[in-house]
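Participant: Pasted the sequence and its predicted model underneath.
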Amino acid sequence: MSALLQVRELDARHGLLQAVRQVSFELAEGETLALVGANGAGKSTLLRAIAGAHRAAAGRIVFDGHDITAMAAHRRVKAGIALVPEGRRLFPNLTVEENLRVAEASGRGGGWSVEAVFEVFPLIAPLRRKRAATLSGGEQQATAIGRALMTNPRLLLLDELSLGLAPVVVEAVYRSILDLIEGGTTIVLVEQDLARAMSVADRVACMLEGRFVLEGSRGELTREQVTEAYFGLRRQEATA
Amino acid sequence: MTWVAAVVHGILLGGFYALLASGLALMFGVMRIINLAHGSLALIGAYMAFLLTEHLHISTYLALAPVLPGALVVGYLLQRTMLERSLRAGELVPLLTTFGLLIVIANLLQQFFSPDVHSLDAGSIGPASWHVSSELSIPWFDVLTLAIAFTVLGGLQLVLRFTQLGRELRATAEDADTAELVGVNARAVYARATAIAVAIAALAGVFYGMRSAFDPNAGANELLYAFEAVVIGGMGSLWGTLGGGIALAVSQEIGAQINQEYFALGGHLVFLAVLVARSAASAPRIRYALRRFA
């Protein structure tokens, strides 16, 4: 099976700071990849570069056989890439329903509709006419995921879903993510919680200072290996 | 009774200011662009209607049929060729760009149409009015203008509230980067907003030409009143703009009631009072900021 997403030697910068360095990986249709790593390791920037919210400084991004490196973000959405950004980034003065329906701009047909989103996230169904600014963190996260789903994505990029949420809510959010994974959606997710990342993803990649320092399928990697890579222990041993 | 007449005329004139100001409010609300060329674009609409009525001998109202779609196209191209680049260069650059545009338009109009005053025929409704009493008469044309202002603002409100374009406009106004991430082409949305704003400006310009004589430099004056209406109404809110236009015009008419020369002064005073009240409301924050430096 050919890869849905190919990232080749990707560089991304914030001014002088190089946040993503020479990252290469492939993702097959239906696969789930978890990105782990410390704050500032470049995980969010990598997701934003794939979604088109951050310009790549070098390298190539190929989606479904097409080079999308120079494509505008809204055209990548039309191609089937959706990002749930860090911090939700809802439109605060639009209602929940309006937030979802803005995403109809993508013009991608498919199974997702406002009602379908409310079926998956029943907690936001009664809030459809409420302004997004008035929602709790969990309700906002559900709306943000729903908004991304409204574009009927083939590739879903999830950035720090559990950030700032109560454990109970995180549990509920992840149950719906598992449904999506079982439904065959291809997912890249950034997750601080290592155990959770390793429980949902087929593959785990650990980032350190902008690079992939460890990558493998769930069965191959142990918690200890990932933890070492997370803190850069092995590399320090090598240089010592 | 004369005071009642002043207020009634003020409300009617406020409708015209609101019509002129709504495009300004729309562009500010969506893109944070203060379009200094807005009055000049309105004036182009008036001159285009003048050309059509002169050469084709059609009524001014019929001339709107080609002028408004033309203005949509002009607005779209204006955004795509000039304002979009200016926006990328920073907040102040669109201000400079549109200021330059104001001067260029005034000079071009002077070149093609001479500095003489022109006017547009308002048809049979123009001189007609309803005599309520010996001191109060209501010109039908002013009522028509207010009704059009209501229709335009109401229509705009409905579009913003209930259509996909409206949702995309509001989403882009709140967070353009995130709007892009859910599939909205922010640049196309901006261009459509400017197209609508320029079309409403042209409509206001044609009505301006029917209510008074105009010359190539009238754009800047009219802009001033539209701008005051937007600020009084609370930047970027549509119904606020209607309220602002009416508040401005009523205070102008009341000023004129006190002394003919106080027409503009009355409006400016209310404008200044609103500005002072706004800055007083934010004064605690300013004082706090100053204390931190002291």
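Facilitator: That came in fine, so what should we check first? If you're wondering where the values come from, they're calculated on a predicted model, not measured in any experiment.
Participant: mind checking pLDDT for residue B:269?
Facilitator: For residue B:269, the pLDDT comes out at 92.
Participant: what does the helix or strand containing it rub up against?
Facilitator: With elements delineated by DSSP states H and E, residue B:269 resides in helix B:263-281, which encompasses its position. Helix B:263-281 is contacted from outside by B:225, B:228, B:231-232, B:247-249, B:251-256, B:258, B:286, using Cβ atoms under 8 Å, 6 or more residues apart in numbering or on different chains. Every C-beta, even on glycine, is put in place using the N, C-alpha and C of the backbone.
Participant: wait, which of these is closest to chain A?
Facilitator: Proximity of the contacts of helix B:263-281 to chain A (Cβ to the nearest Cβ) peaks at residue B:231, which lies at 21.1 Å.
Participant: Can you pull the phi and psi angles for that closest one?
Facilitator: Main-chain torsions, residue B:231, degrees, to the nearest 10: phi -70, psi -40.
Participant: on that earlier part again, which one of the contacts of helix B:263-281 sits in the busiest neighbourhood?
Facilitator: residue B:248 (30 neighbours; other Cβ atoms under 10 Å in any protein chain shown).
Participant: And the helix holding residue B:269, how far out from the chain middle?
Facilitator: Taking Cα atoms, centre = their mean, to the nearest Å, one finds the center of helix B:263-281 at 19 Å from the center of the full chain.
Participant: Next, the buried residues of that helix.
Facilitator: Applying a neighbour-count criterion of 16 or more other Cβ atoms under 10 Å in any protein chain shown, the buried positions in helix B:263-281 are B:263, B:266, B:267, B:268, B:270, B:271, B:274.
Participant: What score does the residue of the stretch 101-250 of chain B found nearest chain A have for pLDDT?
Facilitator: Chain A sits closest to residue B:183 of the stretch 101-250 of chain B, with a gap of 3.0 Å, by Cβ to the nearest Cβ. At residue B:183, the pLDDT value in this model is 94.
Participant: Next: residue A:13.
Facilitator: pLDDT, read off for residue A:13, is 93.
Participant: for the closest residue to it other than its chain neighbours, what are its contacts?
Facilitator: Closest residue to residue A:13 in three dimensions, ignoring its sequence neighbours and counting by Cβ to Cβ, 6 or more residues apart in numbering or on different chains: residue A:57, at 4.8 Å. Residues in contact with residue A:57 (Cβ under 8 Å, 6+ apart) are A:11, A:12, A:13, A:18.
Participant: Which residues of chain A lie near chain B?
Facilitator: Taking Cβ under 8 Å from any Cβ of the partner chain as the measure of proximity, chain A contacts chain B at A:51-53, A:72-75, A:77-78, A:82-83, A:85, A:89, A:91-94, A:98-99, A:101-108, A:147-148, A:150-151.
Participant: Of those, keep whichever come out buried.
Facilitator: When the residues of chain A next to chain B are checked against 16+ other Cβ under 10 Å, the ones flagged as buried are A:51-53, A:73-74, A:77-78, A:82-83, A:85, A:89, A:91, A:94, A:98-99, A:101-106, A:108, A:147-148, A:150-151.
Participant: on that earlier part again, out of the residues of chain A next to chain B, which are inside helices?
Facilitator: Using DSSP state H, the subset of the residues of chain A next to chain B located in helices is A:51, A:73, A:74, A:75, A:77, A:78, A:98, A:99, A:101, A:102, A:147, A:148.
Participant: Was I right to think the third one contacts residue B:186?
Facilitator: What it means is residue A:74. Yes: with contact defined as Cβ atoms under 8 Å, residue A:74 and residue B:186 form a contacting pair (7.2 Å).
Participant: joint contacts of those two?
Facilitator: Each of B:179, B:180 lies in contact with both residue A:74 and residue B:186 under the rule Cβ under 8 Å, 6+ apart.
Participant: Confirm that residue A:187 lies within a strand, as I assumed.
Facilitator: Yes: under DSSP: H, G, I helix; E, B strand; the rest coil, residue A:187 falls within a strand.
Participant: and the gap between it and chain B?
Facilitator: 16 Å (Cβ to the nearest Cβ, to the nearest Å).
Participant: Return the residues in contact with that residue.
Facilitator: For residue A:187, the set of contacting residues under the criterion of Cβ under 8 Å, 6+ apart consists of A:31, A:32, A:33, A:155, A:156, A:157, A:158, A:177, A:180, A:181, A:201.
Participant: shaky segments in chain B?
Facilitator: Within chain B, the stretches with pLDDT under 70 are B:1, B:235-236, B:282-294.
Participant: switch the cut-off to 80
Facilitator: Confidence mapping of chain B against pLDDT under 80 gives the ranges B:1, B:124, B:126, B:132, B:234-237, B:279-294.
Participant: With chain A instead?
Facilitator: Where chain A drops into low confidence, which here means pLDDT under 80, it does so at A:1-2, A:232-240.
Participant: and the two most separated of the contacts of helix B:263-281?
Facilitator: Of all pairs drawn from the contacts of helix B:263-281, the widest gap by Cβ to Cβ lies between B:256 and B:286 and measures 35.7 Å.
Participant: ok, and what's touching stretch B:46-54?
Facilitator: With contact meaning Cβ under 8 Å, 6+ apart, stretch B:46-54 is reached by B:58-60, B:63-64, B:66-67, B:70, B:109, B:112-113, B:118, B:120-121, B:202, B:205-206, B:208-209, B:214.
Participant: what do you get if the cut-off is 10 Å, keeping everything else the same?
Facilitator: Outside stretch B:46-54, the residues within contact range by Cβ atoms under 10 Å, 6 or more residues apart in numbering or on different chains are B:58-68, B:70-71, B:74, B:105, B:108-109, B:112-113, B:118-121, B:202-210, B:214, B:216, B:218-219, B:222.
Participant: Next: stretch A:112-124.
Facilitator: Under the criterion Cβ under 10 Å, 6+ apart, external residues in contact with stretch A:112-124 comprise A:96-101, A:103-104, A:110, A:125-128, A:130, A:132, A:135-136, A:138-143, A:145-153, A:169, A:172-173, A:175-176, A:179-180.
Participant: Over to it now: how far is its first residue from its last?
Facilitator: End-to-end distance of stretch A:112-124: 16 Å, with Cα to Cα, to the nearest Å as the criterion.
Participant: Can you give the distance of it from its chain's centre?
Facilitator: Relative to the chain's own centre, stretch A:112-124 is displaced by 20 Å; criterion: Cα atoms, centre = their mean.
Participant: cool, and stretch A:93-106?
Facilitator: Going by Cα atoms, centre = their mean, where stretch A:93-106 is centred and where its chain is centred differ by 20 Å.
Participant: Can you give me the end-to-end span of it?
Facilitator: Criterion Cα to Cα; first-to-last residue distance in stretch A:93-106 is 21 Å.
Participant: one step back: out of the contacts of residue A:57, list just those in strands.
Facilitator: Among the contacts of residue A:57, the members found in strands (DSSP state E) are A:11, A:12, A:13, A:18.
Participant: how about the second one, what does it touch?
Facilitator: So that's residue A:12. Contacts of residue A:12 were listed using Cβ under 10 Å, 6+ apart, and they are A:18-21, A:23, A:42, A:45-46, A:48-50, A:54-59, A:210.
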